[in-house]
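Participant: Would you be able to build a 3D model of this:
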Amino acid sequence: MTTQPQPAFSSTYVPEQGTADLSPLLLSNGGKWILTPTGAGIERAFKFKGFKKCWEFMNQIAPECVKQKHHPEWSNVYNTTYIRWTTHSPPGLSEKDVLMARFCDERARECGEVEGEGKGETGGVGKELVDRVASEGGDCCVPKGTSKV
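Facilitator: Next up, the predicted model:
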């Protein structure tokens, strides 16, 4: 029996509120998202009928990311987009991660996500790309010329 990670909320997110907000999104509660192994993020795959619909989905997410000043770690391979939401500063799950995960679910429905596909998917090329880019990309959330405290 494997132990499921517990959510690791950022210092700006009250754990009780975070738990209430996050719970309906999780696969274990009927949602489609899973916690990352550290519990500091949530992730899932979104699968569509083809590349065009998948790209349409990503094009709808991007402007909201700009509006919220929050970006995902994501990858795209043909008809699948893999998205991970986590907050780098302060580290952990934040209210924006939950808000954006909910937004992604809504847009995916509108774009015709292939139901039953990608639900709880934790492996594959999309996740491998996200993992690699996240580790090689450096700290995207600290302005150049400053350091984390």
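Participant: With adjacent residues omitted, what lies nearest to residue 54?
Facilitator: Nearest non-adjacent residue to residue 54, counting by CB to CB, 6 or more residues apart in numbering: residue 48, 4.4 Å away. In this view, the C-beta of every residue, glycine as well, is placed from N, C-alpha and C.
Participant: Contact partners for the one you found?
Facilitator: Contacts for residue 48 (CB atoms under 8 Å, 6 or more residues apart in numbering) come out as 54, 57, 79, 80, 111, 112, 113, 114.
Participant: Could you check how far it is from residue 85?
Facilitator: Distance of residue 48 to residue 85, computed by CB to CB, to the nearest Å: 19 Å.
Participant: What about the contacts of residue 48, which are in strands?
Facilitator: Counting by DSSP state E, the part of the contacts of residue 48 found in strands is residue 80.
Participant: Reformat the contacts of residue 48 into a markdown table and put pLDDT, distance to residue 24 and neighbour count next to each item.
Facilitator: Output for these, formatted as a markdown table (pLDDT from 0 to 100; distance: CB to CB, whole Å; neighbours: other CB atoms under 10 Å):
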| residue | pLDDT | distance to residue 24 | neighbour count |
| --- | --- | --- | --- |
| 54 | 96 | 25 | 23 |
| 57 | 98 | 21 | 23 |
| 79 | 94 | 26 | 19 |
| 80 | 95 | 23 | 20 |
| 111 | 95 | 21 | 20 |
| 112 | 95 | 22 | 14 |
| 113 | 96 | 17 | 24 |
| 114 | 94 | 21 | 15 |
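Participant: Relative to residue 72, which of the contacts of residue 48 is nearest.
Facilitator: Nearest to residue 72 among the contacts of residue 48 is residue 57, at 12.1 Å by CB to CB.
Participant: isn't that closest one right up against residue 107?
Facilitator: Yes: applying CB atoms under 8 Å, one finds residue 57 in contact with residue 107, separated by 5.9 Å.
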